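> I would like to see how this sequence folds:
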Amino acid sequence: MKTRITELLGIERPIIQGGMHYVGFAELAAAVANAGGLGLITSLTQPSPQHLAAEIRKCRGLTDKPFGVNLTFLPSVTPPDYPGYIQAIIDGGVKIVETAGNNPQKWMPVLKDNGIKVIHKCTSVRHALKAEAIGVDALSIDGFECGGHPGEDDVPNFILLPRAADELKIPFVASGGMADGRSLVAAIAMGAEGMNMGTRFIATQEAPVHENVKQALVAASELDTRLIMRPLRNTERVLVNAGVDRLLEKERTLGPAITFADIAPEVAGVYPRIMLGGEMDAGGWSCGMVAGLIHDVPTVKELLDRIMDEAESLIRQRLARTLEPVPA
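Residues are numbered from 1 along each chain as shown. Here you go, the predicted model:
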């Protein structure tokens with residue numbers, strides 16, 4: 001399938017594996033790359049730039065296809081060593097970076113000077129237009145259905161994607177609620193050039209997470225996510241569990257007086273406990289409503305092959321039939 005995204009990134013299929021904390025390791029990124037999509041290593045999962053450099057080398061040993069690195073810019077009293085992480089990306093010969101979080105404008109010159117394509121993740125059209133204006137190459141438009149941080153506007157993709165298509169000149173992919181061939185065809189129909197999948201890639205054989213996490217996704221329905229940290233205006237969509245219930249009870253009890261310190265036990269440092277240790281009630285971890293569309297744990301190649309076969313069938317058969325003359 002040829003779109004502006006496949007042409008821009010040099011990939012065979014317009015499917016990107018989004019950056020995910022304690023999921024985006026070399027094994028998954030390489031598996032996605034080898035299956036024709038774009039795999040991403042999550043930089044801030046790595047404890048230092050030196051660790052990221054080693055993860056990039058590891059990925060190079062697993063694939064000869066293009067892959068990228070996710071770089072999330074977070075507000076922090078003690079920020080990560082962003083110059084060091086960027087240098088590791090440059091030294092590792094990585095030519096695609098997905099940025100997220102704060103505006104990446106400060107880091108654009110060094111990325112562009114080193115020939116790196118930048119895909120910025122946005123949850124609103126106004127932020128997307130700002131990113132386009134500062135020179136990013138493409139965008140990932142993240143609807144309210146998504147796992148992780150959906151922003152504070154609560155606009156789902158059926159509205160957000162066509163709005164983005166109306167306003168943007170650079171290519172974008174759809175993110176949030178993406179799981180199968182239907183998602184891909186719908187995203188393209190609404191103006192996107194492909195799709196970004198996060199939660200769906202966690203439930204694959206190559207995803208280096210605990211089996212408890214994969215089985216939790218298979219068992220979940222579209223009703224099993226919750227929005228946490230809304231009172232702090234740092235909303236995150238997570239899979240419901242006992243830790244999330246404890247957090248939500250604190251939000252109800254404390255009301256507007258709540259602070260991050262009050263909920264820290266349910267959100268700080270829980271990712272390694274859940275993703276690596278399988279402690280499913282430790283606290284909140286990002287999960288999209290798309291969990292309701294996840295029913296198995298295939299290999300990455302099986303998943304992408306299935307998506308592309310379904311997309312082709314939809315376009316050539318179901319959609320084409322709607323244009324055939326109605327019999328008299």
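
> where does this structure have low pLDDT?
Along the chain, segments meeting pLDDT under 70 span 328.

> change it to 90
74-78, 323-328 (pLDDT under 90).

> Which parts of it are strands?
15-17, 39-42, 67-73, 96-101, 117-122, 138-142, 172-175, 195-197, 225-228, 236-239 (DSSP state E).

> Format those as JSON lines; extra columns: distance to Tyr271 and mean neighbour count.
Where C-beta positions appear, they are placed from N, C-alpha and C, glycine not excepted. JSON lines is the format used below for these (distance: least, C-beta to C-beta, whole Å; neighbours: other C-beta atoms under 10 Å):
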{"stretch": "strand 15-17", "distance to Tyr271": "17", "mean neighbour count": "31"}
{"stretch": "strand 39-42", "distance to Tyr271": "10", "mean neighbour count": "29"}
{"stretch": "strand 67-73", "distance to Tyr271": "13", "mean neighbour count": "24"}
{"stretch": "strand 96-101", "distance to Tyr271": "16", "mean neighbour count": "23"}
{"stretch": "strand 117-122", "distance to Tyr271": "18", "mean neighbour count": "25"}
{"stretch": "strand 138-142", "distance to Tyr271": "19", "mean neighbour count": "28"}
{"stretch": "strand 172-175", "distance to Tyr271": "20", "mean neighbour count": "30"}
{"stretch": "strand 195-197", "distance to Tyr271": "19", "mean neighbour count": "30"}
{"stretch": "strand 225-228", "distance to Tyr271": "14", "mean neighbour count": "20"}
{"stretch": "strand 236-239", "distance to Tyr271": "11", "mean neighbour count": "22"}
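
> and those strands as CSV, adding distance to Glu312?
Putting the strands of the chain into CSV (distance: least, C-beta to C-beta, whole Å) gives the following:
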stretch, distance to Glu312
strand 15-17, 14
strand 39-42, 22
strand 67-73, 25
strand 96-101, 26
strand 117-122, 25
strand 138-142, 23
strand 172-175, 18
strand 195-197, 15
strand 225-228, 30
strand 236-239, 31
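
> end to end, how far does stretch 6-13 reach?
Its first and final residues considered, stretch 6-13 spans 6 Å by C-alpha to C-alpha, to the nearest Å.

> do stretch 111-123 as well
End-to-end distance for stretch 111-123, by C-alpha to C-alpha: 22 Å.

> Ok, stretch 156-176 next?
End to end - C-alpha to C-alpha - stretch 156-176 spans 9 Å.

> In that stretch, which residues are buried?
157, 160-161, 163-165, 168, 170-176 (16 or more other C-beta atoms under 10 Å).

> next one: stretch 9-19
Buried residues in stretch 9-19, counted by 16+ other C-beta under 10 Å: Leu9, Ile11, Glu12, Arg13, Pro14, Ile15, Ile16, Gln17, Gly18, Gly19.
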